[in-house]
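[1] Below is the sequence, then the predicted model.
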Amino acid sequence: MPLNKLRNIGIAAHIDAGKTTVTERILFFTGTTRKMGEVHDGQATMDFMKQEQERGITIASAAISCAWKDYQINLIDTPGHVDFTVEVERSLRVIDGMIAVFCAVGGVEPQSETVWNQADRYRVPRIAFINKMDRTGADFAVVVAQMNKYLDANAVPFNLPIGAEEHFDGIIDLMSQKAYVFKDFEQVEIEIPEAYKEKAKEARAWMVEKIAEFNEEVMQLFFDDKEVPSELLQRAARQATLKMLITPVFCGAAYKNKGVQMILDAVLNYLPSPIDVGAVVGIDIDDPEKSHSRHPSAKEPFSALAFKLIHDPFVGQQTFTRVFSGTLHSGMQILNSTKGKHERIGRIFRIHAKERVEISEAGPGDIVALIGLKLTKTGDTLCDNDHPLFLENIHIPPSVIELKISPAKRGDQAKLGEALNKLMNEDPSFNVRYDDETEETVIAGMGELHLEIIIDRLKYEFKVDAIVGEPAVAFRETITVEKEHRYKHSKQTGGRGQFADVVMRIEPNEGKGYEFVDKVKGGNIPAEFIQSVNKGILKTLERGILAGYPVVDVKVVLLDGSHHPVDSSDMAFQTCGSICFKEGFMKASPILLEPMMKIEVNTPDDYIGEVSGNLNRRRGKIEAMRRYRKGAQKINGLVPLKEMFGYATQLRNISSGRANYSMEFFQYMPLPKAIQEEVLNEIAEKKKDEKR
């Protein structure tokens, strides 16, 4: 298969936008499945949510190969649920293009925004499909307007619906200026209805005008008031989409088989092949400052990324892998550069729905399942032994919930440590740290469910029974004002002493993490000791100062200092940097930050008052309320995680089990002063009790 005829795509959407149904129809129309599965009867081939929650991801949902008009399309599962944020990140890391599905009634919803922002982070070109045009309340123009308002998508309609709701009869393709209706599984070309001729003319003119902004040839024809040939317009639209300058918008009703063939054509016409994406850039494993490019060519050294692990009862562990360059053969030895270990490839499979086809080799752009890898985990780089590199890492959101954990049997401490390390290697959103003061192991994750699963796995997979503390919020520490501070570290203990003198300015650095700037002039601190100061500060950031939580969003400017030709050393400047930073930090009005969560509650109208009141009592801020179906509403807002323990039970009680909610991390925000004092007092009391 020539590389320009390959498409690696994902389908992403808010829950209930119809993502799974769109996928099912794509598999049916490409001949990959002979029968259409439906979400409501549990027969969907790629029913993400059910499989994610009940029995793990099936083989089918990880990556399916299908063919359309002599092109190969690899369709990759991008789960839509907030509990699988890291899974979405991983999937977006290996796809080249994306279909963003929106509900014609619900429009742009919170999870659509999250997925859109994640795709922006990985610079994934996308097309949009406005689904459910046959539903009551469907409005194509409103959803396009919302895409521009909330997502800054530069959405350009390439389709015009003929009718809406129960009168959604067909689609006008503005590019070819043809109209289509759908009979059973056939797409039938018709004349553009008389009532829509003027509308179609205006919509096409607007589409041409938008594309002309990014193509001089089209712009010239547009200004000369000449007809733009469809071939030129399509080529210009493709270039603009690949550069993420526009988002082509299509419409349909996947459940009724309307518009699916047009979206498949759009995947070929507007989404990138591996050649369009170009070289993947990796980091030199010995020098992080150096980078290496790998072009999508079989002649380049082999490079690939493992993006998902699946346990299959018949063949054991399958490692789903995206090949970026070179050729992979079964039996070949490769390097896992993330682990620094060699692996041997057993068998290579291409997945076609429920069938797996064994192949002898895989090349650039291929997405395959590998059997026989023993050490490789999700996110690991696989590469040529002689040309090692690290591929770009995935963005991991911060862990927001902590638990103290200890083994039920004293002798199991080493076993627990080993198991936690294995879990941490596999799941980058799971963290483990050892608290030196309390001599306790603290685990941190994305939410209560995440940590519940970890504890479960410890028991059943690793045979370690654990005693678990109450879940606690993972706070962060930062400062609110700028302060300058000097500290002189001088110790004489007979023989060689320790001397270091440091002047630093500590500044708030909101949203930018930790920064270290060297402004020392005239060699007052020798160059080799500048990094020693930074090292000392970095160790302090992890341990925290105010209450033992990690320090974030602080900028340190090293201004001046002095040294001693004999007594100054790396360790002296590390110690001096650490103490100077601690003292300066405490003078700079330190505060605690708490994780603020985005919450969405779906509730029947009968309980709207009680649900809203309950959120307000939890320091929640309601930002929007909107009807999402008859007799029920969605409440969207922000709420501190600290107030949300036990919320699921309370929501069930308030609504007689009829309301549900989803929650995801939004950002860290300052803790109100009175609550900060409570938290600090609690920590002080605990420390007193432990000392007793």
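    Done, it's in. Residues are numbered from 1 along each chain as shown.

[2] alpha carbons only for contacts and neighbour counts from here, please
    OK.

[3] Please name the nearest non-neighbouring residue to residue 451.
    Once flanking residues are discounted, residue 451 sits nearest to residue 445: 6.1 Å by CA to CA, 6 or more residues apart in numbering.

[4] Against residue 684, how distant is the one you found?
    24 Å (CA to CA, to the nearest Å).

[5] ok, the two, which is more surrounded?
    Between residue 445 and residue 684, counted using other CA atoms under 10 Å, residue 445 has the larger neighbour count: 24 against 12.

[6] pretty sure the more buried one contacts residue 397?
    No - Residue 445 is not in contact with residue 397 according to CA atoms under 8 Å; the separation is 9.7 Å.

[7] and for those two, which residues touch both?
    Common contacts of residue 445 and residue 397 (CA atoms under 8 Å, 6 or more residues apart in numbering): residue 429.

[8] tell me the contacts of residue 380?
    Neighbour list for residue 380: 305, 306, 307, 336, 337, 338, 339 [criterion: CA under 8 Å, 6+ apart].

[9] my guess is the second one is in a strand, correct?
    Read it as residue 306. Yes - counting by DSSP: H, G, I helix; E, B strand; the rest coil, residue 306 is located in a strand.

[10] burial count for it?
    Around residue 306 there are 24 residues (other CA under 10 Å).

[11] Which residue is the nearest non-sequential neighbour of it?
    Distance criterion CA to CA, 6+ apart; nearest residue to residue 306, sequence neighbours excluded, is residue 321 at 4.3 Å.

[12] Name the surrounding residues that touch stretch 181-189.
    If you take CA under 8 Å, 6+ apart as the criterion, stretch 181-189 is touched by 169, 170, 171, 178, 179, 180, 190, 257, 258, 261.

[13] Report the contact partners of residue 26.
    260, 261, 264.

[14] May I ask which of those residues has the most neighbours?
    In the contacts of residue 26, the most neighbours by other CA under 10 Å go to residue 260, 26 neighbours.

[15] distance of the residue nearest to residue 451 from residue 649?
    Distance from residue 445 to residue 649, by CA to CA: 21 Å.

[16] next one: residue 242
    46 Å.

[17] Tell me which strands the helix or strand containing residue 11 pairs with, and in which orientation.
    Taking DSSP states H and E as the criterion, residue 11 maps to strand 6-13. Strand pairing for strand 6-13, using DSSP bridges, gives strand 71-77 (parallel), strand 97-103 (parallel).

[18] Just read off the phi/psi values of the nearest residue to residue 528 once chain neighbours are set aside.
    Once flanking residues are discounted, residue 528 sits nearest to residue 570: 7.9 Å by CA to CA, 6+ apart. For residue 570, the backbone dihedrals (degrees, to the nearest 10) come out as phi -60, psi -50.

[19] same question, residue 208
    The phi and psi torsions at residue 208 (degrees, to the nearest 10) take the values phi -60, psi -40.

[20] hang on, isn't it packed against residue 222?
    Yes - between residue 208 and residue 222 a contact is recorded at 7.4 Å, counting by CA under 8 Å.

[21] now the strands for the stretch 301-450 of the chain?
    303-312, 316-325, 328-329, 333-336, 341-344, 347-352, 355-359, 361-362, 367-371, 381-383, 390-391, 401-407, 431-435, 440-445 (DSSP state E, counting those that start in this stretch).

[22] where in the stretch 301-450 of the chain is pLDDT low?
    311-313, 353-354, 393-395, 425-426, 435-438 (pLDDT under 70).

[23] one more time with 50, if that's ok
    Scanning the stretch 301-450 of the chain for pLDDT under 50 picks out no residues.

[24] now swap in the chain and tell me
    Applying pLDDT under 50 to the chain flags residues 37-61.

[25] tell me the centre residue of it?
    For the chain, residue 89 is the residue whose C-alpha lies nearest the centre (CA atoms, centre = their mean; 3.0 Å).

[26] picking that back up, more neighbours, residue 242 and residue 649?
    residue 242 (23 against 10).

[27] Regarding the nearest residue to that one once chain neighbours are set aside, what are the backbone dihedral angles?
    In space, and not counting its chain neighbours, residue 242 is closest to residue 125: 5.5 Å by CA to CA, 6+ apart. The phi/psi pair for residue 125 (degrees, to the nearest 10) reads phi -60, psi 150.
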